[in-house]
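need coordinates for the below:
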Amino acid sequence: MFAVIRTGGKQYKVAQDDVLSVEKLAGEPGDKIEISEVLMVGGDGAPKVGSPLLDGAKVSAEVVGQSRDRKVRIFKKVRRHTYRRTKGHRQHKTQIKITGISA
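This is a model prediction of the structure:
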């Protein structure tokens, strides 16, 4: 069984025991969370598709850890004026493990 969820402005196709890295969610490692923004559930028989969300569908997950993503460099330059600026950004991420899907 699989589900398509929405979190952090992105969509993810998940199944039981998947570990994925998503935008930062509140919680410490070991905490249980429920994601109620389920767009689609499939697997056994015909898939169920919401418009846009499925009513009553939930995905249970466990927080594995909190970390930061790789650094993204931001570089600004103006030609012929000796103007250069470099900045960096590291996005906060949460690793979650999918523990259950209920349609």
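
mind listing the strands for this structure?
2-7, 10-15, 19-23, 32-35, 38-42, 48-49, 58-68, 72-78, 83-89, 92-102 (DSSP state E).

strand partners (parallel or antiparallel) of the shortest one?
Within its sheet, and counting by DSSP bridges, strand 48-49 is paired with strand 38-42 (antiparallel).

centroid-nearest residue for this structure?
residue 22 (2.9 Å; C-alpha atoms, centre = their mean).

and it, what's its pLDDT?
For residue 22, the pLDDT comes out at 97.

tell me which residues touch it, please.
Applying C-beta atoms under 8 Å, 6 or more residues apart in numbering to residue 22 gives the contacts 7, 8, 10, 12, 93, 94, 96. No exception for glycine: its C-beta is placed from N, CA and C like everyone else's.

repeat for residue 33
Contacts of residue 33 (C-beta under 8 Å, 6+ apart): 25, 27, 60, 61, 62, 63, 96.

one more: residue 2?
Applying C-beta under 8 Å, 6+ apart, the residues near residue 2 are 13, 14, 15, 41, 42, 43, 101.

now tabulate those in TSV and tack on pLDDT and distance to residue 50.
TSV is the format used below for the contacts of residue 2 (pLDDT from 0 to 100; distance: C-beta to C-beta, whole Å):
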residue	pLDDT	distance to residue 50
13	96	15
14	96	15
15	96	18
41	95	9
42	93	12
43	86	15
101	94	14
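
pull out the buried members of the residues you listed.
Among these, those buried by neighbour count (16 or more other C-beta atoms under 10 Å) are 14, 41, 101.

which of the residues you listed lies closest to residue 72?
residue 14 (25.3 Å; C-beta to C-beta).

run through the residues that contact the closest one.
Here residue 14 is in contact with 2, 3, 4, 5, 20, 59, 98, 101 (criterion: C-beta under 8 Å, 6+ apart).

whichever of the residues you listed end up buried, select them in PyMOL.
In PyMOL syntax, the buried subset of the contacts of residue 14 is picked out as below (16+ other C-beta under 10 Å):
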select buried, resi 3+4+5+20+59+98+101
